[in-house]
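>>> I need the structure of the sequence given here:
(one chain, ligands or ions: 3)
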Amino acid sequence: MIDYDSLIEKYKKLGVNINDLPKREMIKSEEDIKAIKKAAVVNNAVLDEVAKHIKAGMSTEEINTIVHNKTIEMGGIPAPLNYEGFPKSVCTSINDMVCHGIPCTNDILKDGDIINVDCTTIVDGHYADASRMFMIGNVDPEMKRLVEVTKKSLDMAVENLKPFSRLRDIGYIIEKYVKSQGFSVVHEIGGHGVGNDFHEDPFVFHYGKKGTGMVLFPGMVITIEPMVNEGSRHVFLDADNNWTIYTEDGGWSAQWEYTIWIKEDGVEIIAH
Ligand code: MF3
Ligand code: CO
Ligand code: CO
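Ligands and ions are numbered 1, 2, ... in the order given. This is a model prediction of the structure:
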C-alpha cells in the first residue's frame with residue numbers, strides 16, 4: 001500500500017495544486033481490488049458470451065437477455081438495471097448511437113452494422129465496467145477503420161499510462177491520434193473512477209492538454225472509454241428516453257472501454 005499522506009506532502013512541495021491531487025477515498029484497498037477483480041471476471045465472461053452469440057437478425061433485447069442471464073448465473077448483478085432509472089441490464093449502441101442505447105425488440109442487428117455493448121457488473125458491492133465493439137457481417141471498410149482507430153486510441157493511452165501520470169495525458173494521446181486519423185472525439189461524456197461505486201471521481205477526459213490534470217496515484221481504478229465519431233464530435237440526447245446519445249450529424253460512432261488499475265509498478269487492465 002502507498003503512504004497517501006507522504007505522497008500528498010511530496011506533491012504539494014513540488015508545487016502541484018491540491019485540486020490536482022487525488023482524494024484519499026480514490027485510493028482502493030487491497031480488499032477493494034480483490035472484489036473489483038471478481039466483478040471483472042464476471043464482466044469479461046459476459047462480454048465473451050455476447051461475442052459468441054451476436055449476429056445479424058438478433059435484437060438488442062436478446063443481447064440484454066444474454067447479459068442479464070450470464071451475469072446472474074455467475075453470481076453478479078448487472079449494474080445498469082435500474083441505475084438512475086435505466087431500464088435494462090446493458091447498453092447497446094448501434095451505428096450513430098454514441099452510448100447509452102437501450103436494448104429493445106425493435107432494434108434488429110443487420111449486416112454492416114457496428115454496435116457497442118457496454119457491461120458493468122457488481123460483485124460483493126464492487127464494480128467492473130467495460131465495453132467492446134462488434135462488427136456485424138460485412139462492414140464498410142471506413143467504419144471498420146473507425147472501430148479499429150477507437151480501440152488503438154484506447155490502447156495507446158493505456159500504454160503511456162504509468163503511476164503518477166497526469167490525468168489529461170490520457171485524453172491528449174487519444175484525441176491527437178484520433179484527429180490524425182480524420183475522426184473526432186466526443187467531449188461531453190468521459191471515463192470515471194470506478195470500483196466501490198459505478199461512477200466515482202475523477203472524470204476522465206478523452207481530450208486535453210499534456211502534463212495537466214490530476215496526478216494518478218497507485219491504488220486508483222479508472223475507466224477509459226473514448227467515443228470516436230466519423231464526422232463532427234457534437235452529440236445530442238434522445239429527448240424521448242433521456243438516455244441515448246446520438247451524433248448530431250448522423251455519422252457513426254465507436255467506443256471501447258477498459259477498467260484499469262494503477263499500480264505501484266505499472267498499470268493493469270482489469271476489465272476489457
Ligand atoms: N457503462 C456506462 C459507463 O461506461 C454507464 C452506463 S449508465 C447506464 O460509464 F445506466 F446507462 F447503464
Ligand atoms: Co461502461
Ligand atoms: Co464507464
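>>> The top helix by length along the chain close to ligand 2?
Of all the elements of type helix in the chain, the one with the most residues (DSSP state H) is helix 30-53. No. Helix 30-53 is not in contact with ligand 2 by CB under 5 Å from the ion; minimum separation 9.4 Å. In this view, the C-beta of every residue, glycine as well, is placed from N, C-alpha and C.
>>> That helix and ligand 3, are they touching?
No. Contact between helix 30-53 and ligand 3, assessed by CB under 5 Å from the ion, is absent, since the two come no nearer than 11.1 Å.
>>> In that helix, which residues are buried?
Across helix 30-53, burial judged by 16 or more other CB atoms under 10 Å covers 32-33, 35-47, 49-50.
>>> ditto for stretch 248-260
The neighbour-count criterion (16+ other CB under 10 Å) identifies Gly251, Trp252, Ser253, Ala254, Gln255, Trp256, Glu257, Tyr258, Thr259, Ile260 as the buried residues of stretch 248-260.
>>> quick check, nearest of these to Val90?
Using CB to CB, Glu257 comes nearest to Val90 of those, at 12.5 Å.
>>> distance of the closest residue in space to that closest one that isn't next to it in sequence from Lys12?
The shortest distance from Glu257 to any non-neighbouring residue, by CB to CB, 6 or more residues apart in numbering, is to Glu225 (3.4 Å). Shown here: Glu225 relative to Lys12, a distance of 31 Å by CB to CB, to the nearest Å.
>>> could you list every residue that touches Gly112?
Ile136, Gly137, Asn138, Val139, Asp140, Met143 (CB atoms under 8 Å, 6 or more residues apart in numbering).
>>> Quick check on the residues you listed: which are buried?
Ile136, Val139, Met143.
>>> Quick one: neighbours of the closest residue to the first one other than its chain neighbours, just the number.
Just to be clear, that refers to Ile136. Counting by CB to CB, 6+ apart, the nearest residue to Ile136 once its immediate chain neighbours are dropped is Asp113, at 4.4 Å. The burial count assigned to Asp113 is 18, neighbours taken as other CB atoms under 10 Å.
>>> Select from the contacts of Gly112 every entry located in helices.
Reading helices off these with DSSP H, I get Met143.
>>> Can you check the pLDDT for Tyr83?
pLDDT, Tyr83: 98.
>>> tell me the phi and psi of the nearest residue to it once chain neighbours are set aside?
Nearest-residue entry for Tyr83: Phe198, 6.3 Å, with adjacent residues in sequence omitted and distances by CB to CB, 6+ apart. Its backbone dihedrals place Phe198 at phi -70, psi -50, with angles given as degrees, to the nearest 10.
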